[in-house]
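Peer 1: dropping a prediction and its sequence here:
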Amino acid sequence: MAVLQARKFLARSFSNLSAHPLRVCIVGSGPAGFYAAEKMLKKHQGSEVDIIDRLPTPFGLVRSGVAPDHPETKIVVNQFSRVAQNERCSFFGNVNLGTSVSLSELRELYHIVVLAYGAESDRVLGVLGEDLKGVQSAREFVWWYNGHPDGKNLDPDLQSTDTAVILGQGNVALDVARILLRPTSELATTDIASHALTALERSSIRKVYLVGRRGPVQAACTAKELREVLGIKNLSIHIKEADLKTTPADEEEMKSNRIHRRIYELLSKAAISGSAQPCSGQQELHFVFFRQPDKFLESDNGRRHVSGVQLEQTVLKGVGPGRQIAVGTGRFEDIDCGVVLKSIGYKSVPVDGLPFDNQKGVVPNIQGRVLSDTSGDPALLENGLYVCGWLKRGPTGIIGTNLYCAEETVLSISEDLERGELALTASSPKPGREGLLELLDNRNVRVVPFSDWEKIDTEEKRLGSLRNKPREKLTTWEELLKAAMA
């Protein structure tokens, strides 16, 4: 029924379009997907763009990755909503590439397929004890507090220990540390998931260690994120003085990178102003540099739960101008803890029929044009198949980075169209969204169009208003689909 209604709506909306439009499907409705859609619609007036996503909700990491206390970063959804409401654009949620529809089927239905589904898995360390209870990825933790329907059941144990270790010192690691340490009274007025807020209110975590393989000069966070975590109320900052000593190679790095210098200056200032002995009731944030995990220690109670992390001390070794890597020294030390969160990088997941570089965790491509293998040979292009976002370049950058990434991919599409390397739409019409909706209807897939997402949006805002929050996120598949069907 939902698909039939969607068809009637689309028939009315697209009655004025070209009889044979350029059919484009974008897989993934995060920033990369929406920026690519926006650029395609603007660049190609005869195009018809469909965005599909496995979730019933659009916006990807803007909804499930951006921290709840960063509402200003989420304002971009207003721009993305205008894209989705364009008469030549459609959003179809609850459509899973690989199960609802295959990549080969999408390529048959559309002239152009752009893959922008991001990174929904995690890199692994490959060290002993990584499978112990209490060792979890930062991505899972972020999904948990952001109300992602696949993250609700994470249920981290924040009551049985007072210490958490976060492996990594990038922005995600700092987000996680901030959520663990920030007063819950401040989080209560954000769109944090209610189950996460309840758990944090009962949390016993008082010490958080942020562990990095290299030094303060190489810390991968931004100054904005660092200032924010350093400014948490009633927080004692701990940084070893020896870790702040710089080498000529460090000085050279800071000379050529203003951001690195600013990060180092902020950490140095925090170390000077931080109290050596925390006051009673103060929480503690420890920046631990020049350490890498060697193994996770198991508790003695037979529960297969983590009780600590064994860290190997590292030193920096120059491997080229302005680049230093961490190498182990064979000296070790332990940190006792009951929670470990690995913030060592997201990882994209391949689908059937998609060339994939498992080592780099990306789709092999040249400026967004997908290659048949990882050789980099430009003669091995996959006709009509493109990639954008983390799947294209790896899990790096901020939301705005995806704008430039999308521009490059759309430019490649435009060049291929101009050179005649893509089949002309007039001579080879494709079924596009009508064909997709028919296929999904035959498979009993419950499609969630943008108008149904707006029902979810309205309900979440209504529930949030009852608790003085911008929204109360629906956090299960059942709740989301029920609201969409209302």
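Peer 2: Good, I have the coordinates.

Peer 1: low pLDDT regions in this protein?
Peer 2: 1-19, 274-278, 280, 423-427 (pLDDT under 70).

Peer 1: top helix in it by residue count?
Peer 2: Using DSSP state H to define each element, the chain has its longest helix at helix 401-418.

Peer 1: that helix packs against which elements?
Peer 2: Judged by 3 or more Cβ pairs under 8 Å, 6 or more residues apart in numbering; DSSP states H and E, the packing partners of helix 401-418 are helix 31-43, strand 112-115, strand 381-387, helix 390-393. In this view, the C-beta of every residue, glycine as well, is placed from N, C-alpha and C.

Peer 1: restrict it to CA atoms and write it as PDB.
Peer 2: These are the backbone C-alpha positions of helix 401-418, laid out as PDB (Å, rounded to 0.1, in the frame of the first residue of the first chain):
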ATOM      1  CA  THR A 401      34.700  17.800   3.700                       C
ATOM      2  CA  ASN A 402      32.000  15.800   2.000                       C
ATOM      3  CA  LEU A 403      30.900  18.900   0.100                       C
ATOM      4  CA  TYR A 404      34.200  19.000  -1.800                       C
ATOM      5  CA  CYS A 405      34.200  15.200  -2.100                       C
ATOM      6  CA  ALA A 406      30.700  15.300  -3.700                       C
ATOM      7  CA  GLU A 407      31.700  18.200  -6.000                       C
ATOM      8  CA  GLU A 408      34.600  16.100  -7.400                       C
ATOM      9  CA  THR A 409      32.500  13.000  -8.000                       C
ATOM     10  CA  VAL A 410      29.700  15.000  -9.700                       C
ATOM     11  CA  LEU A 411      32.400  16.700 -11.900                       C
ATOM     12  CA  SER A 412      33.600  13.300 -12.900                       C
ATOM     13  CA  ILE A 413      30.000  12.300 -13.800                       C
ATOM     14  CA  SER A 414      29.600  15.400 -15.800                       C
ATOM     15  CA  GLU A 415      32.800  14.900 -17.700                       C
ATOM     16  CA  ASP A 416      31.900  11.300 -18.500                       C
ATOM     17  CA  LEU A 417      28.500  12.400 -19.800                       C
ATOM     18  CA  GLU A 418      30.000  15.100 -22.000                       C
END
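
Peer 1: tell me which residues of it come out buried.
Peer 2: 401-403, 405-407, 409-410, 412-413, 416-417 (16 or more other Cβ atoms under 10 Å).

Peer 1: and the furthest pair within those?
Peer 2: Thr401 and Leu417 (25.1 Å; Cβ to Cβ).

Peer 1: give the contact list for Ser343.
Peer 2: 137-138, 166-168, 170, 172-173, 176 (Cβ atoms under 8 Å, 6 or more residues apart in numbering).

Peer 1: tell me the angle the longest helix of the chain makes with strand 381-387.
Peer 2: 150 degrees (axes from the mean of the first three to the mean of the last three Cα atoms, to 10 degrees).

Peer 1: check the offset of helix 401-418 from the chain's centre.
Peer 2: Put simply, helix 401-418 sits 21 Å off its chain's centre (Cα atoms, centre = their mean, to the nearest Å).

Peer 1: buried residues in stretch 358-370, which are they?
Peer 2: Buried residues in stretch 358-370 (16+ other Cβ under 10 Å): 361-365, 368-370.

Peer 1: kindly report the same for stretch 458-467.
Peer 2: Under the neighbour-count criterion of 16+ other Cβ under 10 Å, stretch 458-467 has 459-460, 463-464 buried.

Peer 1: swap in stretch 334-345?
Peer 2: Per 16+ other Cβ under 10 Å, stretch 334-345 contains these buried residues: 335, 337-345.

Peer 1: closest one to Gly60 out of these, please.
Peer 2: Gly345 (17.2 Å).

Peer 1: residue contacts, that closest one?
Peer 2: So Gly345 contacts 122-123, 168, 395 (Cβ under 8 Å, 6+ apart).

Peer 1: export those to CSV and tack on secondary structure and distance to Leu235?
Peer 2: Formatted as CSV, those follow (DSSP: H, G, I helix; E, B strand; the rest coil; distance: Cβ to Cβ, whole Å):
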residue, secondary structure, distance to Leu235
Asp122, strand, 28
Arg123, coil, 29
Gly168, coil, 19
Pro395, coil, 28
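
Peer 1: can I get these in TSV including neighbour count?
Peer 2: TSV is the format used below for the contacts of Gly345 (neighbours: other Cβ atoms under 10 Å):
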residue	neighbour count
Asp122	18
Arg123	16
Gly168	22
Pro395	21
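
Peer 1: can you tell me which of those residues is nearest Gly308?
Peer 2: Gly168 (17.6 Å).

Peer 1: I'd assumed Ser137 was in contact with the closest one.
Peer 2: No - in this structure, Gly168 is not within contact of Ser137 by Cβ atoms under 8 Å, at 10.2 Å.

Peer 1: hey, what's in contact with both of those two?
Peer 2: By Cβ under 8 Å, 6+ apart, the residues touching both Gly168 and Ser137 are 342-343.

Peer 1: sorry, back to before: select from the contacts of Ser343 every entry located in helices.
Peer 2: 138, 172-173, 176.

Peer 1: let's have those in TSV, adding distance to Pro58 and neighbour count.
Peer 2: TSV is the format used below for the ones in helices among the contacts of Ser343 (distance: Cβ to Cβ, whole Å; neighbours: other Cβ atoms under 10 Å):
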residue	distance to Pro58	neighbour count
Ala138	23	23
Val172	21	26
Ala173	27	26
Val176	24	24
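
Peer 1: how about the contacts made by Cys405?
Peer 2: 32, 35, 368, 388-389, 392-393, 397.

Peer 1: what about it, distance to Cys388?
Peer 2: To Cys388, Cys405 is 6 Å away according to Cβ to Cβ, to the nearest Å.

Peer 1: common neighbours of the two, please.
Peer 2: 32, 35, 368.

Peer 1: and these as TSV, adding distance to Gln218?
Peer 2: Supplementary listing: these in TSV, determined by distance: Cβ to Cβ, whole Å:
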residue	distance to Gln218
Ala32	27
Tyr35	30
Gly368	30
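
Peer 1: what does stretch 79-89 rub up against?
Peer 2: By Cβ under 8 Å, 6+ apart, stretch 79-89 touches 13-14, 17, 21, 29, 31, 34, 37-38, 41, 47-51, 58-59, 62, 90-91, 450.

Peer 1: just the buried subset of those residues, please.
Peer 2: Buried among the contacts of stretch 79-89 (16+ other Cβ under 10 Å): 14, 21, 29, 31, 34, 37-38, 41, 47-51, 58-59, 62, 90-91, 450.

Peer 1: so what's Arg213 up against?
Peer 2: With contact taken as Cβ under 8 Å, 6+ apart, Arg213 is in contact with 290-292, 314, 326.
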